[in-house]
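Novice: I'll drop the sequence and a predicted model, then ask my questions.
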Amino acid sequence: MQVPANSLPIKSSSPVLVVGNNHLIDSVAKLTALNFDAAEQLFIHSRAAGKHGKKPQCLILSVDGQEVYTLDLTKISPEAVLAKLLALPPVIGHDLKSTYKVLLELGIALPKVAHDVFVGAFLLNSLRREQTLTELAETDLGYDGSPFDDLTTDDVMTRAPEIVAVIRALYAQQSKDLQAIPKLADLARDVEWPVIAVLARMEYTGIQLDTAYLAKFAVEIDDAVSDLEQQIYGYAEQEFNIASPGQLAEILFTKLNLSTQGIKKGKTGYSTDAKQLDKLRDKHPIIDLISQYREVAKLKNTYVDALPKLVDDQSRLHTTFNLTIAQTGRLSSTDPNLQNIPTRTELGHHIRTAFVAGPGNKFVSADYSQFELRLAAVLANDTELIEMFNRGADIHQATAAQVYGRELEDVTKGMRQAAKVINFGILYGMSPHGLSVATGMTNEQAVTFIERYKQLRKPLFDYMDHLLEQARADGYVETLFGRRRPMPDITSSNFMVRQGAERAAINMPIQGTEADLMKLAMIRVDKLLSDHYPDSRMLLQIHDSILIECPAADADAVAEMLKNTMQEIYELPVRLDVDATIAVNWGEL
DNA sequence: CGACGCTGCGCG
DNA sequence: AAAGCGCGCAGCGTCG
């Protein structure tokens, strides 16, 4: 329905909703006539944000969920609405990050987030299957009308009032629920809402890929794959699909008659994963070739061949950072996943070299060292562990010295390695069996080792005991900042299920607090960049690290700022150590 | 033909 | 009896 804009009654209590997608709108005059200054909150919603580089063509807006206006951006210049939109009050919507990318495409400054019902639903209950507008409406509002997913432009236009009403109702409900959990409301206000615009900018900016470099690499890797294939067929004396675990197991254990002694069995037969291949390595030369084939084929299929197809016309890759996936509150990255670009093997690391800073720019990267273990020390209030960190000890070496009762200088590499495994493993609820497998100790040695570690880190284990008790009583666990993860399986009568839940419960406050702090750091870094280094852009977050692209001349200063901001992001009893590096491509960082 | 579960493996 | 948390993606094999 269309209503003359100048007759619009916007009271200070009247939230406004803007629906944006990549289609039409009809009159900008109506929009510019609106008195946004009088509105305290603006509702904003977008489905089908334009693909990157495509100009969005449509903004739909309404007031109080009643009057709906459509604005045709193909007929008017976006700048005409710019002045008004710049002064928008804080906005409310469903998946604002998508809408914000539309605004960025229009060159419109991003308003503050007042509430996002997509992210809000996840904060209040991370377990629900999905947080689509349809699902939220059905489950939370008892809505039984037709779905809101995959609507055509016309549908969006005609149903905008309905969409507005649903979002407003969800907002009302969620803000009431959040107020009942003050820490969670604070987390939403201070972390989750502000990080939305930061992520929108990162996704919109993208990261440059040197496709020519990658094309050269592709030729080499293709040759390597075919070469390995032929060698493997030679040993097998037949061709088969190496990528099929079933066919591979048939070749190894039937045709070549390799021993299945100690080989893990899965639902579909003997496993051929990397660990099992390791056990067979000395038995037949084909094993090493298969390992090599796996490594090279993985790189080729997942990265070398896939990434170049996803670049825009500027040769930049735009990932999507998901806020509503990881149960711990971490981000996840999709289409493409830029949080799992190889680095551990030399060959894999080459892929990172293809990620480059633009002309005249540099990359600045910074990562927290032993972030999770430091946070475990804080959450458990393990003063000895905290003190070790604060005096800058090599934590794994020092732990080994304590467990084995040796002087620091008498700690062997093997001892340090074992201590490192347990230091990390403990955060995941590792068992003696897991430790023995990971270190090559006997089960007995592992049991003794963990026993001594328990004595040494009593506060840590007391904390874990208390945490599990709390989880059983409350049905959830939470981070330092009150982010919650429901833990229904913690009281399961199924041993396996229950044990799995206990391990997840132990890990969540640690991994989740890390995620909370990283988001806080990103928000602050984003602000500092826009204030002092306007030509610099945050590009990626990889759980404990941040990657920035900046003018070469600013690199040193940006690195310093990034390091300090991350280190001082939140006052904790433990010192946070951050390493910062500068390079022209990701491989050299 | 697409959807799905499984296997395997890339990252923190 | 099982045995380490959190993710996403690719290929295979099966099913409808």
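Specialist: Yep, it's here.
Novice: max-length helix in chain A?
Specialist: In chain A, assigned by DSSP state H, the helix with the most residues is helix A:495-532.
Novice: what's the following helix or strand after that one?
Specialist: Counting by DSSP states H and E, the next helix or strand C-terminal to helix A:495-532 is strand A:537-541.
Novice: ranges for the strands of the stretch 201-350 of chain A?
Specialist: With DSSP state E, counting those that start in this stretch as the criterion, the stretch 201-350 of chain A has strands at A:207-209, A:265-266, A:269-270, A:316-317, A:320-322, A:332-334.
Novice: Is any residue of the last one near DNA strand B?
Specialist: No - using C-beta under 7 Å from any atom of the strand as the criterion, no contacts between strand A:332-334 and DNA strand B are found, and the smallest distance is 8.9 Å. In short, each C-beta sits where N, CA and C put it, glycine included.
Novice: go on, the fifth one?
Specialist: No - using C-beta under 7 Å from any atom of the strand, no contact is recorded between strand A:320-322 and DNA strand B, whose separation bottoms out at 13.0 Å.
Novice: thinking again about what came up before, make CSV from the strands of the stretch 201-350 of chain A and add mean pLDDT and distance to DNA strand C to it.
Specialist: Output for the strands of the stretch 201-350 of chain A, formatted as CSV (pLDDT from 0 to 100; distance: least, C-beta to the nearest atom of the strand, whole Å):
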stretch, mean pLDDT, distance to DNA strand C
strand A:207-209, 97, 14
strand A:265-266, 88, 10
strand A:269-270, 92, 11
strand A:316-317, 96, 11
strand A:320-322, 96, 5
strand A:332-334, 96, 3
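Novice: Out of those strands, the one nearest A:Ile167 is which?
Specialist: Between A:Ile167 and the strands of the stretch 201-350 of chain A, the shortest gap by C-beta to C-beta is with strand A:320-322, which sits at 19.9 Å.
Novice: Please name every helix or strand in contact with the closest one.
Specialist: Packed against strand A:320-322 by the contact rule (3 or more C-beta pairs under 8 Å, 6 or more residues apart in numbering; DSSP states H and E) you find helix A:193-205, strand A:332-334.
Novice: chain center to that strand: distance?
Specialist: Centre-to-centre, strand A:320-322 and its host chain are 7 Å apart (C-alpha atoms, centre = their mean, to the nearest Å).
Novice: Can you check the pLDDT for A:Ile25?
Specialist: At A:Ile25, the model reports a pLDDT of 31.
Novice: residues from chain A in reach of DNA strand B?
Specialist: Within chain A, the positions lying close to DNA strand B (C-beta under 7 Å from any atom of the strand) are A:245, A:249, A:266-268, A:271-275, A:277, A:291, A:294-295, A:298-299, A:302, A:337, A:339-345, A:348, A:367, A:511, A:542-545.
Novice: need the residues of the stretch 201-350 of chain A near DNA strand C, please.
Specialist: Checking the stretch 201-350 of chain A against DNA strand C by C-beta under 7 Å from any atom of the strand, the hits are A:241, A:243-244, A:246-247, A:301-302, A:306, A:322, A:325-328, A:330, A:332-337, A:339-340.
Novice: 6 Å - rerun?
Specialist: With C-beta under 6 Å from any atom of the strand as the criterion, the stretch 201-350 of chain A comes near DNA strand C at residues A:241, A:243-244, A:246-247, A:301-302, A:306, A:322, A:325-328, A:332-337, A:340.
Novice: Select only the buried ones of the residues you listed in ChimeraX?
Specialist: Here is the ChimeraX command that selects the buried residues among these (16 or more other C-beta atoms under 10 Å):
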select /A:302,322,326,327,328,333,336
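Novice: Now intersect the residues of the stretch 201-350 of chain A next to DNA strand C with the helices, please.
Specialist: Under the assignment DSSP H, these contribute A:246-247 to helices.
Novice: picking that back up, what subset of the residues of chain A next to DNA strand B is buried?
Specialist: Burial by neighbour count, 16+ other C-beta under 10 Å: within the residues of chain A next to DNA strand B this picks out A:245, A:249, A:271-272, A:277, A:291, A:294-295, A:299, A:302, A:339, A:341-342, A:348, A:367, A:511, A:542-545.
Novice: mind giving me the domain ranges of chain A?
Specialist: Following automatic domain parsing, chain A resolves into domains at A:21-180, A:211-314, A:346-369+A:515-588, A:373-507.
Novice: Quick check: the closest residue to A:Arg537 other than its chain neighbours vs A:Leu310, distance?
Specialist: Distances taken as C-beta to C-beta, 6 or more residues apart in numbering place A:Thr205 nearest to A:Arg537, at 4.7 Å, with adjacent residues excluded. Between A:Thr205 and A:Leu310 the computed distance is 15 Å (C-beta to C-beta, to the nearest Å).
Novice: and the longest helix of chain A with helix A:193-205, angle?
Specialist: Helix A:495-532 runs at 80 degrees relative to helix A:193-205, counting by axes from the mean of the first three to the mean of the last three C-alpha atoms, to 10 degrees.
Novice: Return the angle between stretch directions for helix A:495-532 and strand A:537-541.
Specialist: Between helix A:495-532 and strand A:537-541, the angle comes out at 170 degrees (the same axes, to 10 degrees).
Novice: List the buried residues in helix A:495-532.
Specialist: For helix A:495-532, by 16+ other C-beta under 10 Å, it's A:501-502, A:504-526, A:528-529.
Novice: filter these down to the ones near DNA strand C?
Specialist: Restricting these to contacts with DNA strand C (C-beta under 6 Å from any atom of the strand) yields A:504, A:507, A:511.
Novice: pretty sure the second one contacts A:Gly329?
Specialist: No - A:Asn507 is beyond contact range of A:Gly329, at 11.9 Å (criterion: C-beta atoms under 8 Å).
Novice: nearest spatial neighbour of the residue of the stretch 401-550 of chain A at minimum distance from DNA strand C, skipping sequence neighbours?
Specialist: Of all residues in the stretch 401-550 of chain A, the one sitting closest to DNA strand C is A:Gly434 (2.3 Å; C-beta to the nearest atom of the strand). Among residues not flanking A:Gly434 along the chain, A:Gly425 sits closest, at 6.4 Å (C-beta to C-beta, 6+ apart).
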